[in-house]
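>>> quick one: sequence plus predicted model below, questions after.
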Amino acid sequence: MFKHFNLLRLIESFTLMAVPTNTLQTYQSTYNAEDVSNIIMNVSPFDTPLLTMAKNGKAEATYTEWPVESLAAVDTSNANIEGDDATIDVSGTPARVGNYCQLFDKTASVTTTQNAIKKYGATNEMNRQKVKKSKELKRDIETTFFLNQARVVGLAGTAQKMRSLPSWYVTNVSRGAGGANGSATAAATDGTQRNFTETLFKNVIVSCATNANDMPTTVFAGPANRANISSQLSGNSTRFYELKDGQLNASISVYRSDYGPLKIVMDRFQRERDMHFINPDYIEVRTLEPMQYQDLAVTGLSQKGQFWTNLTLGVLAESAHGVLADLTTTVL
């Protein structure tokens, strides 16, 4: 008991001990070196799955078109009299559909002084900005592909805009109450949101199988509904089990439908309420002006630069794709 008491007194004396007079601490020092990492941390997402997956095409005008056609409806009364003269069927011609190119850009301006001084994580600030701006430009393009955006015809004082993916769907669609398809001149109308279910998922797949000979192979979902796919789908799906350390990875990466496998892809830049069923053979990025960089005119003691590209989204066959729209945006 006595020993414990003395030990407590000793600890107390050390605790209350004052710093000796005139001892220089870090708090008073004016010449301590800073400890700053020479690596600039940036974990912002910049993967662009649809931009990467789509075929590369070329646009030769600000409005670019492509022909589409479909077979005539099945004739259930196709029976002919023996020896009768032929009756000529209607010979349809392909329809022309198209999209407007949209001009994207990113700019940067850095003073000569900022380029000259010593910096952490970069030697040339303008070069660092070029890398950063190119990634930002790709993110803008990917996001625009998934916007519910109607086309805008450019004018002298109006920026031209493409018809984005959600406004194309009219054939293989599942929408909430009040939802309506878009058109060449109008965006889709959002409906009442509902929870993701396997039944809704299968309905879009069946519609695609009914209306197109070539099925979608990839499903694009936002982060929340990507998680809901793994938790809500049950049949004919592939889960990966990690046996190491007894851990379970419950993610579904492939859904094996009755009509072929569907790869599940998360896209951070799409609208969370939409789930897209895409056939990569019928989606194309048509480029009028490839992504490029130019130095802008010097007007003072700064360096200015601009990245830009002019392109559009080509939905080459609308019925080859599908959408499960108006989903809730929370994890179930």
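Noted; the coordinates are in hand. Numbering: from 1, shown residues only.

>>> doesn't Thr309 make contact with Met291?
Yes. Using C-beta atoms under 8 Å, Met291 makes contact with Thr309 at a distance of 4.1 Å. C-beta coordinates here come from the backbone N, C-alpha and C atoms, glycine included.

>>> okay, and the common contacts of those two?
Leu137 (C-beta atoms under 8 Å, 6 or more residues apart in numbering).

>>> who's more crowded, these two?
Comparing Met291 with Thr309 by other C-beta atoms under 10 Å, the one with more neighbours is Thr309, at 21 against 16.

>>> check which helix or strand that one maps to.
strand 302-315 (DSSP states H and E).

>>> so how far is that strand off the chain centroid?
In terms of C-alpha atoms, centre = their mean, to the nearest Å, the centre of strand 302-315 is set 17 Å apart from its chain centre.

>>> other SSEs contacting it?
Judged by 3 or more C-beta pairs under 8 Å, 6 or more residues apart in numbering; DSSP states H and E, strand 302-315 is in contact with strand 63-68, strand 95-100, strand 102-111, helix 112-116, helix 125-146, strand 283-295.

>>> next secondary structure after the longest one?
By that I understand helix 125-146. strand 173-174.

>>> who's in contact with that following strand?
With C-beta under 8 Å, 6+ apart, strand 173-174 has contacts from Asn181, Leu200, Asn203, Val204, Ser207, Gly322, Val323, Leu324, Ala325.

>>> farthest-separated two in those?
Using C-beta to C-beta, the contacts of strand 173-174 reach their maximum pairwise distance at Asn181 and Leu200, which is 16.8 Å.

>>> tell me where the stretch 201-332 of the chain is predicted with low confidence.
235-252 (pLDDT under 70).

>>> mind listing what's buried in stretch 257-266?
Ser257, Pro261, Leu262, Ile264, Val265, Met266 (16 or more other C-beta atoms under 10 Å).

>>> where's Tyr255 relative to Ser319, distance?
20 Å (C-beta to C-beta, to the nearest Å).

>>> one step back: buried stuff in the strand holding Thr309?
Buried residues in strand 302-315 (16+ other C-beta under 10 Å): 302-305, 307-315.

>>> can you tell me the closest non-neighbouring residue to Gln292?
Excluding its sequence neighbours, the residue lying closest to Gln292 (C-beta to C-beta, 6 or more residues apart in numbering) is Trp308, at 6.7 Å.

>>> spit out the contact partners of the one you found.
Leu103, Phe104, Asp105, Lys106, Leu137, Glu289, Met291, Gln292, Gln294 are the contacts of Trp308 under C-beta under 8 Å, 6+ apart.

>>> re earlier: out of the helices and strands packed on strand 302-315, which gets nearest to Pro216?
Taking the helices and strands packed on strand 302-315 one by one with C-beta to C-beta, strand 283-295 is closest: 10.0 Å.

>>> so how far is the closest one from its chain's centroid?
18 Å.

>>> now do stretch 203-218
22 Å.

>>> ok, stretch 85-101 next?
34 Å.

>>> what residues sit buried inside that stretch?
Val97, Gly98, Asn99, Tyr100, Cys101.

>>> export those as a markdown table, with columns for distance to Val219 and pLDDT.
Listed next are the buried residues of stretch 85-101 as a markdown table, based on distance: C-beta to C-beta, whole Å; pLDDT from 0 to 100:
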| residue | distance to Val219 | pLDDT |
| --- | --- | --- |
| Val97 | 24 | 94 |
| Gly98 | 27 | 96 |
| Asn99 | 23 | 97 |
| Tyr100 | 27 | 97 |
| Cys101 | 28 | 97 |
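
>>> can you redo these as a markdown table with distance to Leu332?
Below are these laid out as a markdown table (distance: C-beta to C-beta, whole Å):
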| residue | distance to Leu332 |
| --- | --- |
| Val97 | 37 |
| Gly98 | 39 |
| Asn99 | 35 |
| Tyr100 | 38 |
| Cys101 | 39 |
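
>>> nearest to Ser91 among those?
Val97 (19.9 Å).

>>> could you look up the SS state of Asn228?
Assigned by DSSP: H, G, I helix; E, B strand; the rest coil, the conformation of Asn228 is helix.

>>> how distant is stretch 174-191 from the center of its chain?
20 Å.

>>> list the buried residues in that stretch.
Ser174, Arg175, Gly176, Gly179, Asn181, Gly182, Ala187, Ala188, Asp190, Gly191.
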